[in-house]
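Need the 3D shape of this:
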Amino acid sequence: MNELPHELALGDVYISPLVPVFTVALLGAWLSITVLNKLRVSRYIMFPSTTFLTLMTLYILLMNAFWIKI
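From the prediction side, this is the model:
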């Protein structure tokens, strides 16, 4: 059987595993974009919003592969 539960329990409230994965991916993408802006690498990126979504999708896929299986 699967070792991880399908829901995460916070007290008596069950939440979907997608919620923490989405929030960590969102924070990771914001942090990555901030670092890219500080290093002035973002001026070479043609579509910044697409880059943000791509980084967020990449983080979600990496967390799905190695941390919480959605």
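
from here on, contacts and neighbour counts on C-alpha atoms
OK.

now the helices: where do they sit in the protein?
Secondary structure of the chain by DSSP state H: the helices cover 18-38, 48-66.

any chance of the ones you listed in CSV, with distance to residue 7 and mean pLDDT too?
Converted to CSV, these look like this (distance: least, C-alpha to C-alpha, whole Å; pLDDT from 0 to 100):
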stretch, distance to residue 7, mean pLDDT
helix 18-38, 9, 94
helix 48-66, 14, 93
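
Save those helices as TSV, and put in distance to residue 10 and mean neighbour count too.
Shown next, in TSV, are the helices of the chain (distance: least, C-alpha to C-alpha, whole Å; neighbours: other C-alpha atoms under 10 Å):
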stretch	distance to residue 10	mean neighbour count
helix 18-38	12	15
helix 48-66	20	15
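
Switch these over to TSV; also include distance to residue 6.
Formatted as TSV, the helices of the chain follow (distance: least, C-alpha to C-alpha, whole Å):
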stretch	distance to residue 6
helix 18-38	10
helix 48-66	13
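
Return the distance of the residue minimising distance to the centre of the chain relative to residue 65.
In the chain, the centroid-proximal residue (C-alpha atoms, centre = their mean) is residue 25; its distance is 1.4 Å. Plainly put, residue 25 is 13 Å away from residue 65 if you go by C-alpha to C-alpha, to the nearest Å.
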